[in-house]
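Visitor: structure for this input, please:
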Amino acid sequence: MLPVARWLMRGTPQAVLGAAAATVIPWLFWLGAAIAALVTLRRGLSPALPVIVAAAVPAGWWWTRGDVIPLASILLVTLMAVVLRARLRWSEALIVGALAGAAMIQLGVFLPPGGAGPVLEQLRQGSPEVAAMLDDFARQGMQTEQIAGLLIGGITGLVVLLAAVACLALARSWQAGLYNPGGFREEFHALRLAPRELLVLFVLGALGTVLGLPSLGMLLWVPLLVTGIALVHGFIGLKGMNGLWLVAFYVLLITTWPMILIVLLAALTDTFADFRARLGRSD
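Guide: Okay, here's the model as predicted:
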């Protein structure tokens, strides 16, 4: 896709056209978001505003049709691109993205029109077992509508954050391919959380528990997950292993929860152990 990125970066009209055309198609919103992020990374927020608006307008129309994911993804990836351009640290961009996503969940941005009530009613009508389970929860004093709303918002917010991270990575790889070949690979393979950044995540998670903001806990583990993925990429790159190992890794990551926990634990340990630096010295 590098030739496409090269054409998009010839000028603002090309980028505007590409972003708008991609976002008009629902399942291509990620391309429009990546284009907006690419221009933001390369030129800054102000010069990228026409491209961001061009991507956001069709996405806003989809929002009015009930699909919030495209617009939320575009706004989130733009924010992360601004942070990455200014700070040159993936970890900080990921933390800011997780906080913004948590704020969207807490504000109810991802709830369907009318809230979670109509969704629960449809589930009741469609399944007697679900209706009995919800009645049982209600008898136990649980606020089923509130829990359902949090669950819907949390899952949607997680999808949006992961999509934004993927779009930012795609935009960064385009930028490196056009202006700094090999730069993205080197940058991503070196990604790890500093101890102070890990402390920030733990403090925010604790504050979320104390203040009754569960949305924080729903997304604050994502930066740790991405750094764990970067650790695996870096290890395989340092060892010169076959790319099929990455394929196997992603299959396990997507299909098994224990693999996610292992990656999180590895990223947590790497914050203090810095496995890649140790491996580099040993080689």
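Visitor: restrict the helix or strand hosting Leu38 to CA atoms and write it as PDB.
Guide: According to DSSP states H and E, Leu38 maps onto helix 29-43. Extracted in PDB, the C-alpha atoms of helix 29-43 (Å, rounded to 0.1, in the frame of the first residue of the first chain):
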ATOM      1  CA  PHE A  29     -13.100   3.500   7.900                       C
ATOM      2  CA  TRP A  30      -9.800   2.200   9.200                       C
ATOM      3  CA  LEU A  31      -8.200   3.300   5.900                       C
ATOM      4  CA  GLY A  32      -9.600   6.900   6.300                       C
ATOM      5  CA  ALA A  33      -8.400   6.900   9.900                       C
ATOM      6  CA  ALA A  34      -4.900   5.800   8.900                       C
ATOM      7  CA  ILE A  35      -4.800   8.500   6.200                       C
ATOM      8  CA  ALA A  36      -5.700  11.200   8.800                       C
ATOM      9  CA  ALA A  37      -3.100   9.800  11.200                       C
ATOM     10  CA  LEU A  38      -0.400   9.800   8.400                       C
ATOM     11  CA  VAL A  39      -0.900  13.400   7.500                       C
ATOM     12  CA  THR A  40      -1.000  14.400  11.200                       C
ATOM     13  CA  LEU A  41       2.200  12.500  11.900                       C
ATOM     14  CA  ARG A  42       4.000  14.000   9.000                       C
ATOM     15  CA  ARG A  43       2.700  17.600   8.900                       C
END
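Visitor: what's the next secondary structure element after that helix?
Guide: As assigned by DSSP H and E, the chain's next helix or strand after helix 29-43 is helix 45-64.
Visitor: got the angle between that following helix and helix 29-43?
Guide: 170 degrees (axes from the mean of the first three to the mean of the last three Cα atoms, to 10 degrees).
Visitor: could you give the mean pLDDT of helix 45-64?
Guide: Helix 45-64 carries an average pLDDT of 96.
Visitor: give me the next element, helix or strand, following it.
Guide: The helix or strand immediately downstream of helix 45-64 is helix 69-87, counting by DSSP H and E.
Visitor: which helices and strands sit right next to the very next helix or strand once past that following helix?
Guide: With elements assigned by DSSP H and E, the helix or strand that comes after helix 69-87 is helix 90-106. Applying 3 or more Cβ pairs under 8 Å, 6 or more residues apart in numbering; DSSP states H and E, one finds that helix 90-106 contacts helix 69-87, helix 144-179, helix 195-211, helix 214-219, helix 222-239. Placement of C-beta: from N, CA and C, glycine included.
Visitor: mind listing what's buried in helix 90-106?
Guide: The neighbour-count check on helix 90-106 (16 or more other Cβ atoms under 10 Å) flags 90-102, 104-106 as buried.
Visitor: and the angle from it to helix 144-179?
Guide: Interaxial angle of helix 90-106 relative to helix 144-179 (the same axes, to 10 degrees): 150 degrees.
Visitor: ok now helix 90-106, how far from the chain's centre?
Guide: The chain centroid and the centroid of helix 90-106 are separated by 8 Å under Cα atoms, centre = their mean, to the nearest Å.
Visitor: now tell me which helix or strand of this structure has the poorest mean pLDDT.
Guide: The weakest-scoring helix or strand in the chain, judged by mean pLDDT, DSSP states H and E, is helix 128-139 (a mean of 67).
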